[in-house]
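Visitor: coords please:
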Amino acid sequence: MEIPLIDCDTAREDKAIASEIDQALSKIGFMALRNLGLTQSSVDAIFAVAQSFFNAPLVDKKRCAYGSADENFGYQGVGQASLEPT
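Guide: The predicted structure is shown next:
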């Protein structure tokens, strides 16, 4: 399986980019993006925030816990998530 690489260059039409994203997520479930217009310093800052969160005590992370499928976001600890129905 090859993960699609989608070019989000501003010279491309939004509709074409959206179509590629739809195809990638519908058929593969993953994608990689390039030319998002993010600077390396922005990427570094985002990773620093993520690292800070995951290095925080469990009690702090649990304040951001996954609530339900209705929300479909939030912290889930190791072994708590499953793609297989039970």
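Visitor: Distance check, Tyr66 against Glu13.
Guide: In this view, Tyr66 and Glu13 are 36 Å apart by Cβ to Cβ, to the nearest Å. C-beta here means a position set from N, CA and C on the backbone, and glycine is covered the same way.
Visitor: So for those two, which sits in the more crowded spot?
Guide: Each of Tyr66 and Glu13 has its neighbours counted (other Cβ atoms under 10 Å); Tyr66 has more, 14 against 8.
Visitor: I would like the residues contacting the helix or strand where Ser42 lies, please.
Guide: In this structure, Ser42 sits in helix 40-55 according to DSSP states H and E. When contacts are defined by Cβ atoms under 8 Å, 6 or more residues apart in numbering, helix 40-55 is touched by residues 61, 64.
Visitor: Let me see the mean pLDDT of it.
Guide: Here helix 40-55 scores 95 as its mean pLDDT.
Visitor: mind checking how far it is from the chain centre?
Guide: Chain-centre distance of helix 40-55: 14 Å, with Cα atoms, centre = their mean, to the nearest Å.
Visitor: Can you show me the strands along the protein?
Guide: Remark: strands assigned in the chain by DSSP state E are 5-7, 32-34.
Visitor: With respect to burial, which of these scores highest?
Guide: Of all the strands of the chain, strand 5-7 has the most neighbours on average by mean count of other Cβ atoms under 10 Å, namely a mean of 15.
Visitor: now the helices: where do they sit in the protein?
Guide: Secondary structure of the chain (DSSP state H): helices at 14-27, 40-55, 58-62.
Visitor: where does this structure dip in pLDDT?
Guide: Within the chain, the ranges that satisfy pLDDT under 70 run 82, 85-86.
Visitor: Adding distance to Ile17, write the strands of the chain out as a markdown table.
Guide: Formatted as a markdown table, the strands of the chain follow (distance: least, Cβ to Cβ, whole Å):
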| stretch | distance to Ile17 |
| --- | --- |
| strand 5-7 | 7 |
| strand 32-34 | 9 |
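Visitor: That's all I had, so thanks and see you.
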